[in-house]
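Novice: Please find the sequence and the predicted model below.
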Amino acid sequence: MNGSDDRHGTDGTAPMDGRDRGDVVDAMDGAGDSDRTGDSDRTGGMDDGAIAGAVRGIVAMEASREVLAARVTALRTATSAEELAERDRCGAAMAEADARILLESIEVLDRLGMTSAAMACSYVAREEGLLPPS
């Protein structure tokens, strides 16, 4: 993951629909209030609260990664040894965050029963060397 795909706010900006990622998760909070039966069968046994919690975890990781991305961008024209070292540290931390987000997404998507999406993420993780070849 090289961070060059800005369609989903990977450049430190909000998603293209103009909403903050937290708004999406906050909208899910009321979802558990309805009397919907059978939903847990479609989501690997996860109820709405567990789904919202899983999404919140990924959103929090993305927020942390965006802070690092903003710092790397700010240091794009760094010239001092200290700034270059900080840019390298932030870049490495950002790459680590990308890997954690991808691996967590695989797990969450699989628990939600979104097998195809989990498989797609697994493919990317294998291509990135985060998972062993299948």
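Specialist: Everything's here; your move.
Novice: Low-confidence bits of this structure, can you list those?
Specialist: Scanning the chain for pLDDT under 70 picks out 1-44.
Novice: 50 instead?
Specialist: Scanning the chain for pLDDT under 50 picks out 1-40.
Novice: Do a quick rundown of the helices in it.
Specialist: Using DSSP state H, the helices assigned to the chain run over residues 21-29, 39-42, 48-74, 81-111, 115-127.
Novice: Can you list the helices and strands that the longest one packs against?
Specialist: For helix 81-111, the helices and strands in contact under the criterion 3 or more C-beta pairs under 8 Å, 6 or more residues apart in numbering; DSSP states H and E are helix 48-74, helix 115-127. Where you see a C-beta, it was placed from the backbone N, CA and C, and this is true even at glycine.
Novice: Single out the most deeply packed of those.
Specialist: helix 48-74 (a mean of 17; mean count of other C-beta atoms under 10 Å).
Novice: quick check: angle from it to helix 81-111?
Specialist: Helix 48-74 runs at 160 degrees relative to helix 81-111, counting by axes from the mean of the first three to the mean of the last three C-alpha atoms, to 10 degrees.
Novice: Which secondary structure elements does helix 48-74 sit against?
Specialist: helix 21-29, helix 81-111.
Novice: can you rerun that using 10 Å?
Specialist: On a contact count with 3 or more C-beta pairs under 10 Å, 6 or more residues apart in numbering; DSSP states H and E, helix 48-74 meets helix 21-29, helix 39-42, helix 81-111.
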